[in-house]
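*Asks:* this is a predicted model, with the sequence first.
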Amino acid sequence: MLMSASDLFAELRDTGGAVAAFNAITLEHAEAIAAAAEQSELPVIMQLSQNAIAFHGRAEAIAAAMVAVARSSSAHIVLHLDHITDVDLALRTRDLGFSSVMFDGAAQEYAANVVTTRRVAEWGAEQGVWVEAELGEIGGKDGAHAPGVRTDPQEAVEFVAGTGVDSLAVAVGSSHAMTTRSATLDIDLIRTIAARVDVPLVLHGSSGVPDDILAEATRAGMRKINIGTALNIAFTGAVRDWLAENDGVDPRRYLAPGRDAMADTCRHYLEVVSGR
């Protein structure tokens with residue numbers, strides 16, 4: 001069933017817990033995420049990125065599929081637009097059936113990022129849409145995750161005050177698109193930012209972070225843990241294994257094990273993030 005982001009984060013504020021957020025690219029991703037949430041009996045955030053929308057050519061079809069999957073599920077599912085750099089697309093969040101959007105103005109100069117993000121956040125407050133933003137670049141190659149680059153706690157305080165965002169993604173050691181789980185997070189920095197910023201903190205690029213460090217990060221103050229690449233590794237591996245052992249051209253034969261592998265991966269992360 002659909003759950004609003006504001007309701008979910010209100011619950012997390014009361015319990016001090018965290019939620020796992022997974023990026024969906026295909027219908028099989030969405031089905032796997034929902035299945036894992038149902039099996040674990042934990043809430044989940046299902047995300048659709050601007051890159052995934054570009055893959056499909058437009059937002060409507062994949063967004064409608066995600067809405068249908070969420071509505072038909074027994075799990076509590078929040079639908080979230082992720083890494084949206086197009087303001088006009090961000091302002092369509094509610095129309096697409098989603099309750100949350102991450103507006104990514106990190107490529108802009110700081111002052112311009114504040115102005116643009118504030119515009120989206122003010123719209124979100126009027127429309128009842130939860131708005132996440134990013135301070136610095138969480139990118140997968142350089143940006144905020146070049147050696148020694150981290151979010152400055154005071155700048156985080158000023159950014160939240162200047163934009164009015166509902167949650168903030170911070171750079172504390174993770175990186176997008178990692179295929180090895182070798183990232184090391186700055187747990188002390190997480191604690192410092194969490195103590196000074198009065199909105200939930202978000203960790204992007206979590207596929208590259210070992211389980212024990214993810215669990216420690218949630219205890220230190222991270223409230224939303226974003227995972228994408230780990231699902232694609234599981235999916236691709238399962239499809240390759242099936243094709244290596246079987247003949248056939250029916251995609252259902254290899255998409256099914258791929259979907260199951262993603263569900264297993266999602267369930268694992270849901271339990272890690274929840275502290276089980």
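*Replies:* Looks like it arrived, so ask away.
*Asks:* any chance you could map the strands in this structure?
*Replies:* For the chain, the strands defined by DSSP state E cover 19-23, 44-49, 77-84, 100-103, 130-134, 167-169, 201-203, 222-227.
*Asks:* what is the burial count for the closest residue in space to Ile53 that isn't next to it in sequence?
*Replies:* Closest residue in space to Ile53, ignoring its immediate chain neighbours: Ala59 at 4.7 Å, by Cβ to Cβ, 6 or more residues apart in numbering. Backbone N, C-alpha and C define where each C-beta goes, glycine included. When neighbours are counted by other Cβ atoms under 10 Å, Ala59 registers 21.
*Asks:* pretty sure Ala59 sits against Ala52.
*Replies:* No: applying Cβ atoms under 8 Å, one finds Ala59 not in contact with Ala52, separated by 9.1 Å.
*Asks:* how about Ala90, what does it touch?
*Replies:* Counting by Cβ atoms under 8 Å, 6 or more residues apart in numbering, Ala90 touches 81, 84, 101, 103, 120.
*Asks:* so how far is Ser6 from the closest residue to the second one other than its chain neighbours?
*Replies:* This points to Ile84. Leaving aside its sequence neighbours, Ile84 sits nearest to Ala90 (Cβ to Cβ, 6+ apart; 4.6 Å). Using Cβ to Cβ, to the nearest Å, one gets 17 Å for the distance from Ala90 to Ser6.
*Asks:* next one: Ala133
*Replies:* From Ala133 across to Ser6, the span is 16 Å (Cβ to Cβ).
*Asks:* higher neighbour count, these two?
*Replies:* Between Ala133 and Ser6, Ala133 has the larger neighbour count (other Cβ under 10 Å), namely 28 against 16.
*Asks:* average pLDDT across stretch 98-109?
*Replies:* Averaged over stretch 98-109, pLDDT sits at 92.
*Asks:* can you give me the end-to-end distance of it?
*Replies:* End-to-end distance of stretch 98-109 (Cα to Cα, to the nearest Å): 28 Å.
*Asks:* cool, and stretch 153-172?
*Replies:* End-to-end distance for stretch 153-172, by Cα to Cα: 11 Å.
*Asks:* pull out the buried residues from it.
*Replies:* Residues of stretch 153-172 classed as buried by neighbour count (16 or more other Cβ atoms under 10 Å): 153, 156, 159-160, 162-172.
*Asks:* among those residues, which are in helices?
*Replies:* 153, 156, 159-160, 162-163 (DSSP state H).
*Asks:* what is the orientation angle of the worst-scoring helix or strand of the chain on mean pLDDT with strand 19-23?
*Replies:* When the helices and strands of the chain are scored by mean pLDDT, DSSP states H and E, helix 211-220 comes last with a mean of 91. Counting by axes from the mean of the first three to the mean of the last three Cα atoms, to 10 degrees, helix 211-220 lies at 120 degrees to strand 19-23.
*Asks:* which other helices and strands does helix 211-220 contact?
*Replies:* Under the contact definition 3 or more Cβ pairs under 8 Å, 6 or more residues apart in numbering; DSSP states H and E, helix 211-220 sits against helix 187-196, strand 222-227, helix 251-274.
*Asks:* got the contact list for it?
*Replies:* Here helix 211-220 has contacts from 17-18, 172, 183-185, 187, 190-191, 194, 203, 206, 209, 225, 269, 272-273, 275, using Cβ under 8 Å, 6+ apart.
*Asks:* mind checking which of those are buried?
*Replies:* Buried subset of these (neighbour count, 16+ other Cβ under 10 Å): 18, 172, 183, 185, 187, 190, 194, 203, 206, 209, 225, 269, 272-273.
*Asks:* possible to save those as a markdown table with pLDDT and distance to Ser74?
*Replies:* Output for the buried ones among the contacts of helix 211-220, formatted as a markdown table (pLDDT from 0 to 100; distance: Cβ to Cβ, whole Å):
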| residue | pLDDT | distance to Ser74 |
| --- | --- | --- |
| Ala18 | 96 | 21 |
| Val172 | 86 | 34 |
| Ala183 | 59 | 33 |
| Leu185 | 78 | 33 |
| Ile187 | 89 | 35 |
| Ile190 | 92 | 33 |
| Ala194 | 95 | 32 |
| Leu203 | 92 | 27 |
| Ser206 | 70 | 25 |
| Val209 | 83 | 29 |
| Ile225 | 94 | 22 |
| Tyr269 | 96 | 19 |
| Val272 | 95 | 22 |
| Val273 | 95 | 20 |
